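**Q** would you be able to build a 3D model of this:
(one chain, ligands or ions: 1)
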Amino acid sequence: MVEIKWDSLRAAASEAMLKSYSPYSNFAVGAAALTADGRVVAGCNIENASYGVTLCAECSLVSDLFRTGGGTLVAFTCVDKSNNILMPCGRCRQLLFEHSAPGMLLETISGIRTIEQVLPDAFGRSDLAQRGGNAGEDLGEGL
Ligand code: THU
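**A** This next block holds a predicted model:
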């Protein structure tokens, strides 16, 4: 089990936040996460003139996860431009769930919580497997 240094993770989120492209909302967001093998991955929000095409910071973070070798996330934090902790939006909780190790910890506005606490009864790959869907044959490799 890798050691979680929340201060360093928050600093990585804050650094990523400074790269945000958010001219429409003026709401810069940075996210950072620790992977099970000890890497720190990060992302910022990237907006678009077609507002709905906006990428949340968590989307960039997941991209960074795969760019740097894949794996699962064990700890996550997200900050705004004043370095206040932000909750991931609903869509991003689902996005994070897909790539989280069981029990992934999140720094939240109400303290440290698990992914299962912030996305109870989550729909995931096991639902697909149990209900005859295609849960993927290459899970874990991402290839
Ligand atoms: N945003 C994120 O990056 N992550 C979230 O979890 C919440 C919202 C961004 C999207 C948009 O660029 C801005 O915050 C305002 O909604």
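**Q** are the helix or strand harbouring residue 98 and the ligand in contact anywhere?
**A** Using DSSP states H and E, residue 98 sits within helix 90-99. Yes - Helix 90-99 is in contact with the ligand by CB under 6 Å from any ligand atom, via residue 92. (Glycine included, C-beta is placed from N, CA and C.)
**Q** what sits up against that helix?
**A** 33, 56, 58-59, 62, 65, 72-73, 76, 88, 104, 106, 115, 118-119, 122-125 (CB atoms under 8 Å, 6 or more residues apart in numbering).
**Q** please list which of those are also close to the ligand.
**A** 56, 58, 88.
**Q** any idea how many residues pack against the closest residue to the second one other than its chain neighbours?
**A** Yep, that's residue 58 we're talking about. For residue 58, ignoring the flanking residues on the chain, the nearest one in space by CB to CB, 6 or more residues apart in numbering is residue 92 at 3.8 Å. When neighbours are counted by other CB atoms under 10 Å, residue 92 registers 21.
**Q** with residue 4 instead?
**A** 15.
**Q** cool, and residue 103?
**A** 10.
**Q** what about the closest residue to residue 125 other than its chain neighbours, which SS state?
**A** Nearest residue to residue 125, sequence neighbours excluded (CB to CB, 6+ apart): residue 135, at 4.6 Å. What DSSP: H, G, I helix; E, B strand; the rest coil gives for residue 135 is coil.
**Q** and residue 32, what helix or strand is that in?
**A** Here residue 32 sits within strand 29-35, counting by DSSP H and E.
**Q** which other helices and strands does that strand contact?
**A** helix 6-17, strand 40-44, helix 57-67, strand 73-80 (3 or more CB pairs under 8 Å, 6 or more residues apart in numbering; DSSP states H and E).
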